[in-house]
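Asks: With the sequence up front, the predicted model follows.
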Amino acid sequence: MNVRGLTLALQFLTRLPTPQVEDFRAEDLSRSADWFPLVGLLIGGCVAAGVWAGGHATPWLGALVGLVTWVWITGALHIDGLGDVADALAAAHRTPERFLEVLRDPHIGAFGAIAIVLLLMAKLVLLAEISHSSTLVALVLVPAWARWGTLVWSSTVPPLASGTGERFSWRISQLSTIAQGIGLALLSIWLAPALLSALIVVPALSLYWRMRLGGITGDCLGASVEVTEALLLVGVVLAASKTL
């Protein structure tokens, strides 16, 4: 891992200002993948700070500040993927060729719009529940687990077509992926054991893409990130409710 890789990961995953990277090559995206979980920790820290700050007024204000921070810092990158995938899945009828055809359409359809609205509503409600509990620190790890998932999905599911998803899988280190998974698991045991459910959610999504389409695209990776984040938030909220 190097500073160039970190800079590229920040540029790809966030809207945070970074130094300009010269002489960009397609394989650089894959080389930056080792930094994705760390960037996820940064995203999670910013979201948690927003929820904590707004939560001093009301839980719902904390949730709103956290959600706006989440959408802004990521540039809605993965949310856009979720909308595209929802439209494509609805129209594909389990046909990969039709899925890719709809995926290339730049316009959002009804299913995509519904998926995005439901996701944002779910995150808002879940953040409100978390904002007044002792599990707020779990928010730091949620985006990190989801971005670790991109390494797993890209390594275990073949690309469905050429593009970002295919280029991303070129040089992912399995050893680094395992080591980072262990690191996140240890942090979760310490801070929020409910997040260990990521070790079930992430492989389950790999299996889903293999069975549903036989492959994965960049938009599928983005949609999987959003689904993983939402499911992990649900797990954190349910675990917190049992301790009250």
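Replies: Good, I have the coordinates. Numbers count the residues shown, from 1 in each chain.
Asks: In the helix or strand hosting A223, which residues are buried?
Replies: In the assignment (DSSP states H and E), A223 maps to helix 218-243. Applying a neighbour-count criterion of 16 or more other C-beta atoms under 10 Å, one finds 218-237, 239-240 buried in helix 218-243. Placement of C-beta: from N, CA and C, glycine included.
Asks: That helix - contacts with which helices or strands?
Replies: helix 77-92, helix 110-131, helix 138-156, helix 164-168, helix 198-212 (3 or more C-beta pairs under 8 Å, 6 or more residues apart in numbering; DSSP states H and E).
Asks: by how many degrees do the second one and helix 138-156 diverge?
Replies: Read that as helix 110-131. 140 degrees (axes from the mean of the first three to the mean of the last three C-alpha atoms, to 10 degrees).
Asks: got the buried residues for helix 110-131?
Replies: 111-112, 115-116, 119-120, 122-123, 125-131.
Asks: Find the nearest non-adjacent residue to L120, please.
Replies: Leaving out its chain neighbours, the residue that sits closest to L120 by C-beta to C-beta, 6 or more residues apart in numbering is L67, at 6.8 Å.
Asks: I figured that neighbour was touching L119, is that so?
Replies: No. Here L67 lies out of contact with L119, judged by C-beta atoms under 8 Å, at a distance of 10.4 Å.
Asks: in the chain, what secondary structure element scores lowest on mean pLDDT?
Replies: Across the helices and strands of the chain, mean pLDDT, DSSP states H and E gives its lowest value to helix 164-168, namely a mean of 54.
Asks: what packs against whichever helix or strand comes after that helix?
Replies: Moving toward the C-terminus from helix 164-168, the next helix or strand (DSSP H and E) is helix 174-191. Applying 3+ C-beta pairs under 8 Å, 6+ apart, one finds that helix 174-191 contacts helix 36-55, helix 138-156, helix 198-212.
Asks: gap between helix 174-191 and the chain center?
Replies: 16 Å (C-alpha atoms, centre = their mean, to the nearest Å).
Asks: Taking their axis directions, it and helix 138-156 sit at what angle?
Replies: Here helix 174-191 runs at an angle of 160 degrees relative to helix 138-156 (the same axes, to 10 degrees).
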